[in-house]
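[1] make a model of this:
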Amino acid sequence: MSRRLILKYENYLASVGDSNRDGDFTPTTGQIIRRMLQQVKVISILITYIWRYNQPGSTDEQLLTAQRLQYYFRHTVPDPQWDKNPEVKRLFPGVTEPPVLEDLMGAELGEGIPGEVLSTVFAHPINYEFPIFEKIAIEHKMVSFEIDTGIFNGWITDPDPNSPHMLTVVIAFPPRPALGDATVTNTELENWINDRSLNKFMSDNPYIPTCSS
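    Alright, predicted model coming up:
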């Protein structure tokens with residue numbers, strides 16, 4: 001989702017105020033937009049967490065969480081050799097099925113290893129909704145996920161005609177720019193990871209990806 005479009009939606013939500021937040025039995029346009037933007041923000045924060053904490057100086061928990069996240073985002077389909085991979089055994093002890101991104105996207109806070117990952121990143125979710133995408137939609141192949149490492153803004157698209165899925169979420173997962181004042185700093189990464197504003201859905205720094213819509 002482009003930054004211009006997110007800003008447009010932010011302005012719309014500000015104009016309708018609290019009347020379109022949770023509380024109505026029938027979802028309003030404002031509620032639908034807010035939910036969509038929260039998905040954008042949560043995924044962006046997860047990727048930002050990888051950028052910030054998969055580096056020297058992180059605590060053991062931060063480093064483990066960042067490395068688990070990195071594995072999830074690198075595996076939208078199962079690794080056929082996952083059970084022979086020592087990295088999987090280290091990051092995901094005791095798993096009986098290959099870890100994939102869908103596990104993370106459909107997890108409740110604290111539910112298994114993917115839920116533990118989310119709970120570490122979002123210790124204080126403040127009304128953010130989990131799972132990120134409804135598990136039933138994932139299980140019934142209504143949504144699939146793809147990673148694009150060459151973009152900073154993701155989108156939702158119709159799937160390939162031969163795909164069983166109804167929608168494909170394309171997630172922006174670019175390489176982290178070199179840290180610095182001209183690109184992005186660790187402080188800016190931390191500020192975005194810790195941002196829990198209900199009305200702010202993208203980082204002020206354009207190098208931090210908006211991920212999907």
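
[2] flag the shaky bits of the chain, pLDDT-wise.
    Along the chain, segments meeting pLDDT under 70 span 17-27, 159-160, 162-165, 213.

[3] where do the strands of this protein begin and end?
    With DSSP state E, the ranges of strands along the chain come out as 143-148, 155-157, 167-172.

[4] need the ones you listed in a markdown table (columns: distance to Y53).
    Any C-beta I mention is one placed from the backbone N, CA and C, and that applies to glycine too. Listed next are these as a markdown table, based on distance: least, CB to CB, whole Å:
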| stretch | distance to Y53 |
| --- | --- |
| strand 143-148 | 19 |
| strand 155-157 | 27 |
| strand 167-172 | 19 |
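
[5] would you turn these into CSV with distance to Q39 and mean neighbour count?
    Formatted as CSV, the strands of the chain follow (distance: least, CB to CB, whole Å; neighbours: other CB atoms under 10 Å):
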stretch, distance to Q39, mean neighbour count
strand 143-148, 11, 19
strand 155-157, 10, 15
strand 167-172, 8, 20
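
[6] skip the chain neighbours and tell me the closest residue to the one residue sitting closest to the centre of the chain.
    Centroid check for the chain by CA atoms, centre = their mean gives I43 as the closest residue, at 1.6 Å. What sits nearest to I43 in space, not counting adjacent residues and going by CB to CB, 6 or more residues apart in numbering, is C211, at 4.1 Å.

[7] wait, doesn't the one you found sit right on G154?
    Yes - with contact defined as CB atoms under 8 Å, C211 reaches G154; the gap is 4.7 Å.
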